[in-house]
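*Asks:* compute the structure for the input listed below.
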Amino acid sequence: MEDPNGPKPNERPYAMQFTDSAISDSITYQPIGIANTPFLERHGVPRQPLTEGDRGETSGSITLLPSSPHLEGKVDVARNMLKDLDSFSHVVVLAHLHLNTGWNAQVVPPRLRHLDKEQGKKGLFATRAPHRPNSIGMSVLKIKSVDIEDYTIHFYH
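*Replies:* Residues are numbered from 1 along each chain as shown. Coordinates of the predicted model:
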């Protein structure tokens, strides 16, 4: 039975409390790890690493930084974050794309570059283009091994 004094359907009073601040506040985040790969240029990174097996598997690693503001002095926290990860096949990684500069509302995806520039343009969010208003990228990486003592995830890219 519905509470007659409770919120009505489709009303979100709790969420509405944060609407104004969500628009005006900036969002900051601190790095908690660093990725190490053989790719020195962003243009050499495979677009779809999990589907490019015929090109060979490249290894890389991500090492948590116990000295980062979120983990500083919390060695056990860094190790606990990696606990049981080796029982999974893949890990989802969010990364700051620090080499990207600028973005456009419309882009020409690589597979459409043969078309006239205007004809090949797509809306930014309809593509996998890494140049976005916020330089945050997401990758799904195949786990090779996890070294809890060194705070490191080894992966295939």
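*Asks:* okay, CA-based contacts and neighbour counts for the rest of this
*Replies:* Will do.
*Asks:* who touches stretch 101-113?
*Replies:* Lys117, Gly120, Lys121, Lys122, Gly123, Leu124, Thr127, Ala129, His131, Arg132, Pro133 (Cα atoms under 8 Å, 6 or more residues apart in numbering).
*Asks:* tell me, how many residues neighbour Ile143?
*Replies:* Using other Cα atoms under 10 Å, the number of residues around Ile143 comes to 21.
*Asks:* list the beta-bridge partners for the closest residue to it other than its chain neighbours.
*Replies:* Using Cα to Cα, 6 or more residues apart in numbering and skipping the chain neighbours, the partner closest in space to Ile143 is Phe155 (4.5 Å). Note on Phe155: beta-bridge partners by DSSP bridges are Gly60, Ile143.
*Asks:* any idea how far Phe155 is from Ser145?
*Replies:* 7 Å (Cα to Cα, to the nearest Å).
*Asks:* can you tell me the closest non-neighbouring residue to Asp147?
*Replies:* Ile153 (6.3 Å).
*Asks:* and the helix or strand encompassing that neighbour, what does it pack onto?
*Replies:* If you go by DSSP states H and E, Ile153 is part of strand 152-156. Here strand 152-156 touches strand 59-64, strand 136-147, going by 3 or more Cα pairs under 8 Å, 6 or more residues apart in numbering; DSSP states H and E.
*Asks:* quick one: contacts of the longest one?
*Replies:* With contacts defined as Cα under 8 Å, 6+ apart, strand 136-147 is touched by 50, 82, 85-86, 88-97, 130, 152-157.
*Asks:* switch to 10 Å and redo it
*Replies:* Residues from elsewhere that reach strand 136-147 (Cα atoms under 10 Å, 6 or more residues apart in numbering): 48-50, 59-63, 79, 82-98, 100, 128-131, 152-157.
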